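[1] attaching a predicted model along with its sequence, questions to come.
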Amino acid sequence: MSMDMLIDILLDGLLDSLKLVPFLFLTYLTMEYLEHKTSTKTRAVVRRAGKLGPLAGSIAGVFPQCGFSAAASNLYAGGVITTGTLIAVFLSTSDEMLPIFISESVSVREIAVVLGIKLVLGMITGFLIDFIFRFRPSPIRYKEIHSMCESEHCGCEEGIFPSALKHTVKIFLFVFLCSIVLGFLIELGGEAHLAQFLSGHPVLGPLLAGIVGLIPNCASSVVITQLFLGRMISFGTMMSGLLVGAGVGLLILFRTNKRWKENLSILCILYVSGVVWGTVLDIIWRFYSL
């Protein structure tokens, strides 16, 4: 690879990433405002949902709220919500997908479809898990989670402007890095070959995306979303990774819940659910594309 080509890749990645900054900042500013206004009420609703926990959890998770998956992990560790409710929150959590979609000018209809699918699949899976396990919450184990949720996730307590700026810078750097990596891959392997390899395997794609989604960092959803927008992975593969991606929720679960076998079973359920639903969506997508 020549030096000129390397410079072109770096410049293209930088320019493409800089274009997103205003949209990212405005999106995160709105999200932080909503978080400060609604987070306490939302957590209270999920706590009181009872048997309808998966419904409340999937609805709460799909809205852009800072660290709600972390809050759900703490509620579960305290015995306040069921396993199904926790899984519903994890599957519906949108993480960094929404800001990336908005900044890339994805249509409102497409965003609504993705969020709707995550909400419905999270709810269905949550109710199914609760039906199978018949888990009963134990209020005795409940502990205060507010301060821990905030300190573990993003520092939202600093105020909406500093927090929104911090998120924007972090995601800008992730997008810039992803753009460079994708640029190299396209130059080395050719866009057509890479797209065919990543989207041409209806099972392998969701399996790999699910593994990436398990990474407890917003970078995973950024990478998956960028790959989809670059037409390098299929819709089902993207959904597999985004369904599995629970942000720092899993990290907080393993830190706060001392029942390791329980944690591992939740990890496996989350991964299998994401891969299965992603594969089903891929099959449906291909059928209607024929």
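    Right, received. Where do you want to start?
[2] what comes up buried for the helix or strand encompassing residue 262?
    Per DSSP states H and E, residue 262 falls inside helix 260-289. Neighbour counts using 16 or more other CB atoms under 10 Å place 263, 266-267, 269-271, 273-282 of helix 260-289 among the buried residues. C-betas here are computed from N, CA, C, even on glycine.
[3] in which helix or strand would I find residue 54?
    helix 53-62.
[4] which residues does that helix contact?
    Helix 53-62 is contacted by residues 42-43, 45-46, 49, 68-69, 72, 81-82, 84-94, 115, 118-120, 122-123, 125-127, 129-130 when judged by CB atoms under 8 Å, 6 or more residues apart in numbering.
[5] repeat for stretch 271-284
    Applying CB under 8 Å, 6+ apart, the set of residues contacting stretch 271-284 from outside is 87, 91, 117, 121, 125, 202-203, 205-207, 209-211, 213-214, 234-241, 243-244.
[6] tally of neighbours for residue 181?
    Residue 181: 14 surrounding residues under other CB atoms under 10 Å.
[7] can you tell me the element it falls in?
    Using DSSP H and E, residue 181 sits within helix 160-189.
[8] any idea where the helices of the stretch 101-250 of the chain begin and end?
    With DSSP state H, counting those that start in this stretch as the criterion, the stretch 101-250 of the chain has helices at 108-133, 146-152, 160-189, 191-199, 204-213, 218-229, 235-244, 249-256.
[9] confidence score at the closest residue to residue 21 other than its chain neighbours?
    Nearest non-adjacent residue to residue 21, counting by CB to CB, 6 or more residues apart in numbering: residue 172, 5.8 Å away. Here the pLDDT value assigned to residue 172 is 77.
[10] and residue 172, how far from residue 13?
    Counting by CB to CB, to the nearest Å, the gap from residue 172 to residue 13 is 11 Å.
[11] give me the buried entries from the contacts of stretch 271-284.
    87, 91, 117, 121, 125, 202, 205-207, 209-211, 213-214, 234-241, 243-244.
[12] with just CA atoms, put the helix holding residue 54 into PDB.
    Only the C-alpha atoms of helix 53-62 are listed here, as PDB (Å, rounded to 0.1, in the frame of the first residue of the first chain):
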ATOM      1  CA  GLY A  53     -41.600  -7.000  34.000                       C
ATOM      2  CA  PRO A  54     -40.400  -8.100  30.500                       C
ATOM      3  CA  LEU A  55     -42.900  -5.700  28.900                       C
ATOM      4  CA  ALA A  56     -41.800  -2.800  31.000                       C
ATOM      5  CA  GLY A  57     -38.100  -3.800  30.700                       C
ATOM      6  CA  SER A  58     -38.200  -4.000  26.900                       C
ATOM      7  CA  ILE A  59     -39.900  -0.600  26.600                       C
ATOM      8  CA  ALA A  60     -37.600   1.000  29.100                       C
ATOM      9  CA  GLY A  61     -34.500  -0.500  27.400                       C
ATOM     10  CA  VAL A  62     -35.400   0.700  23.900                       C
END
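[13] number the chain from 24, please
    Got it, first residue is 24 now, which makes that one helix 76-85.
[14] skipping adjacent residues, who's closest to residue 37 in space?
    Leaving out its chain neighbours, the residue that sits closest to residue 37 by CB to CB, 6+ apart is residue 199, at 6.4 Å.
[15] residues near that neighbour, how many?
    Neighbours of residue 199 (other CB under 10 Å): 17.
[16] my read: it touches residue 38, true?
    No. Between residue 199 and residue 38 there is no contact under CB atoms under 8 Å: 10.0 Å.
[17] tell me where the stretch 24-173 of the chain has strands.
    Read by DSSP state E, counting those that start in this stretch, the stretch 24-173 of the chain holds no strands at all.
[18] point out where it drops to low pLDDT.
    24, 39, 43, 46-47, 50-51, 53-73, 87-91, 118, 157-173 (pLDDT under 70).
[19] then the stretch 174-313 of the chain?
    For the stretch 174-313 of the chain, the stretches with pLDDT under 70 are 174-182, 194, 197-198, 201-202, 205-206, 208-226, 239-242, 271, 312-313.
[20] perfect, I'm done here.
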